[in-house]
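J.: Give the three-dimensional model of this entry:
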Amino acid sequence: MSDPVRPSPFDTPHRVSAQLPPSKVRPAEGKRAVNLSTRPLVGPIINRAKWRHMSALRRDLRTIKICAIGLLVIAALTGGVAAGALLAPTAIAIILALVLAPAASALERLYIRPGLAALITVAAVFSVVIVGTAAFAPSVSTWAKRAPALIQSVEHKLKPIKKQLAAMESASRQITGVSGNSRSAPAPESVSADGVVYAIASTAPGVLASILYVAVLTIFLLAYRTRYTEQLILLPRTFAGRVRMARICRDVRHRVSGYLFTLAAINVGLAIATAICFTIAGIPEPLLWGVAYGILNFIPIIGPTAIIVTAAAVGFVTSNTIAAAILPPAILLGLDVVEAYFVTPWLLSRRLVISPIAIFVMVATLVWMWGPPAAVTAVPILILIHTVMMHVPASRAFARLLATESGPRRAHPHRF
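T.: So this is what the prediction gives:
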């Protein structure tokens, strides 16, 4: 009987187990052979476990990202409310600088230095505001003196309605079994003239300080806008990032500044048209109504609605006939239709692609955070955010939520 072939030291474990008879194979070697024969099945199991682990990790990272964004939004709102006294004038100064940038550029083309051009532009605007405020001060004082008489007129006209409400209230009390001897609600306290003067005197220093801050910051922003634009373009380290930043600055300059400058011109014309129409109709204080309508028209949807409702209320109080009461809001409504559906789309060439829902939410948020004057900055801030987000691929889907369906189509992903 021949001896089994001795294994060579160069043989592999598979060859060793094949050469030895089954009786000579040790359990360890047999177990090892079995493990080696099943080793190709271990790879897919490991890859499947690794894939599950990576999926769970991506899910956790997505959840952490959403929570971090929510915390950042809450922190931004809290910081905006806490620092509203500083952030609101800063936002107004930035928007005012964007509005006045075309005027400052026109002066610079006349070989005027940027600092002097910025000073001339801001001084001219604030001079117009100061002169207008001084011119309208007598009209505002007249309306303030007429306030008690207007309140009495409102009470006299609402007396029949109050009687009907009192009858309905007594009937409801009899039905519910509540005795009519219950204590009536306290009458509202009248506001005295001394209280109004004290409130104005107490708020005047803060208002003057905010106006001075806005004026100085606007001058600096206009004077150094070219230098800051160059620094913003050089801020990214890569060439692609600098090209993207340059496109963002270009689109912000064209879209925000061009939109605001054109809208300011439209509102000036709207104020003049309102004053002319009110003068022809014989409505008192036509210039005051025109200026109020021109200023409030900077706030889309909410501003025109507020001035039309105010005109209707004043007409109801001061007029003796229904036709005279309806005439002021009818004139304002007609001018608003012409401006919104014909003049603005023609002059702005569909620059504004922001959704009305986003405008309403932004106006409500800014009024809650910074007060009514900050509502003027709602649309410019939305246009600025939309322009920046459209250039960032990660936020482009969120930017489409701010745009309407009638917005302009882009032939190139970086052009509007």
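J.: ok now do the residue lying closest to residue 236 once chain neighbours are set aside, which residues does it touch?
T.: Excluding its sequence neighbours, the residue lying closest to residue 236 (C-beta to C-beta, 6 or more residues apart in numbering) is residue 242, at 5.1 Å. Using the backbone N, CA and C atoms, a C-beta is placed for each residue, glycine as well. The contact partners of residue 242, by C-beta atoms under 8 Å, 6 or more residues apart in numbering, come to 233, 234, 235, 236.
J.: Looking at the residues you listed, which is nearest residue 89?
T.: residue 235 (25.4 Å; C-beta to C-beta).
J.: Let's verify the closest one: helix, strand, or coil?
T.: coil (DSSP: H, G, I helix; E, B strand; the rest coil).
J.: from what I can see it touches residue 248, true?
T.: No - the criterion here is C-beta atoms under 8 Å, and residue 235 misses it with residue 248 at 10.9 Å.
J.: just to revisit the earlier point, among the contacts of residue 242, who's most crowded?
T.: Within the contacts of residue 242, most neighbours by other C-beta atoms under 10 Å means residue 233, with 18 neighbours.
J.: Surely it touches residue 248?
T.: No - counting by C-beta under 8 Å, residue 233 stays clear of residue 248, with 9.0 Å between them.
J.: what's stretch 123-136 in contact with?
T.: By C-beta under 8 Å, 6+ apart, the list of residues contacting stretch 123-136 from outside reads 96, 100, 211, 215, 287, 288, 291.
J.: can you list these in TSV and add secondary structure, pLDDT and neighbour count?
T.: Shown next, in TSV, are the contacts of stretch 123-136 (DSSP: H, G, I helix; E, B strand; the rest coil; pLDDT from 0 to 100; neighbours: other C-beta atoms under 10 Å):
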residue	secondary structure	pLDDT	neighbour count
96	helix	86	24
100	helix	86	24
211	helix	86	15
215	helix	90	18
287	helix	85	18
288	helix	83	19
291	helix	86	22
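J.: which one among the residues you listed gets closest to residue 254?
T.: Closest to residue 254, out of all of those and judged by C-beta to C-beta, is residue 100, at 15.5 Å.
J.: what's the closest non-adjacent residue to that closest one?
T.: Spatially, and ignoring its direct neighbours in sequence, residue 100 is nearest to residue 121 (5.0 Å; C-beta to C-beta, 6+ apart).
J.: Phi first, then psi, for that neighbour.
T.: Backbone torsions of residue 121, given as degrees, to the nearest 10, read phi -60, psi -50.
J.: how close does it sit to residue 271?
T.: 20 Å (C-beta to C-beta, to the nearest Å).
J.: With neighbour numbers in mind, choose between the two.
T.: Each of residue 121 and residue 271 has its neighbours counted (other C-beta under 10 Å); residue 121 has more, 25 against 19.
J.: what ranges do the helices span in the stretch 251-400 of the chain?
T.: Assigned by DSSP state H, counting those that start in this stretch, the helices in the stretch 251-400 of the chain fall at 258-281, 286-296, 302-318, 322-338, 344-348, 356-370, 378-390, 396-402.
J.: Could you list every helix and strand in contact with the fifth one?
T.: It refers to helix 344-348. helix 258-281 (3 or more C-beta pairs under 8 Å, 6 or more residues apart in numbering; DSSP states H and E).
J.: pLDDT (mean, whole number) over the helix it packs on?
T.: Averaged over helix 258-281, pLDDT sits at 86.
J.: Can you point out the buried residues in the helix or strand residue 119 falls within?
T.: Per DSSP states H and E: residue 119 is located in helix 114-145. For helix 114-145, a neighbour-count test (16 or more other C-beta atoms under 10 Å) marks 114, 117, 118, 119, 120, 121, 122, 125, 126 as buried.
J.: same question, stretch 312-330
T.: 312, 314, 315, 316, 317, 318, 325, 326, 327, 328, 329, 330.
J.: Over to stretch 275-284?
T.: 275, 277, 278, 283.
J.: could you dump those to CSV with distance to residue 56?
T.: Converted to CSV, the buried residues of stretch 275-284 look like this (distance: C-beta to C-beta, whole Å):
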residue, distance to residue 56
275, 68
277, 68
278, 68
283, 70
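J.: which of the residues you listed sit farthest apart?
T.: By the measure C-beta to C-beta, 275 and 283 form the most distant pair in the buried residues of stretch 275-284, at 9.9 Å.
J.: who touches both of the two?
T.: Contact with both residue 275 and residue 283 is made by residues residue 289, according to C-beta under 8 Å, 6+ apart.
J.: Check the average confidence over stretch 106-122, would you?
T.: Stretch 106-122 comes out with an average pLDDT of 90.
J.: ok, residues contacting that stretch?
T.: Under C-beta under 8 Å, 6+ apart, the answer for stretch 106-122 is 100, 103-104, 215, 218-226.
J.: Please flag which of these sit within helices.
T.: Under the assignment DSSP state H, those contribute 100, 103, 104, 215, 218, 219, 220, 221, 222, 223, 225, 226 to helices.
J.: Near the fifth one, how many other residues are there?
T.: Translated: residue 218. With other C-beta under 10 Å as criterion, residue 218 counts 24.
J.: Would you confirm that it contacts residue 96?
T.: Yes - counting by C-beta under 8 Å, residue 218 does reach residue 96; the two are 5.0 Å apart.
J.: Which positions in stretch 382-401 come out as buried?
T.: Counting neighbours by 16+ other C-beta under 10 Å, stretch 382-401 gives 382, 383, 384, 385, 386, 387, 389, 390, 391, 399 as buried.
J.: pLDDT added to those, as CSV?
T.: As requested, the buried residues of stretch 382-401 are arranged in CSV below (pLDDT from 0 to 100):
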residue, pLDDT
382, 84
383, 82
384, 83
385, 85
386, 84
387, 83
389, 86
390, 84
391, 85
399, 81
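J.: Just flag the most distant two among these.
T.: 382 and 391 (15.6 Å).
J.: Just list what the longest helix anywhere in the chain packs against, helices and strands only.
T.: In terms of residue count, the longest helix belonging to the chain (DSSP H) is helix 42-82. For helix 42-82, the elements it packs on are helix 356-370, judged by 3+ C-beta pairs under 8 Å, 6+ apart.
J.: Show me what the helix it packs on is packed against.
T.: helix 42-82, helix 84-108, helix 378-390.
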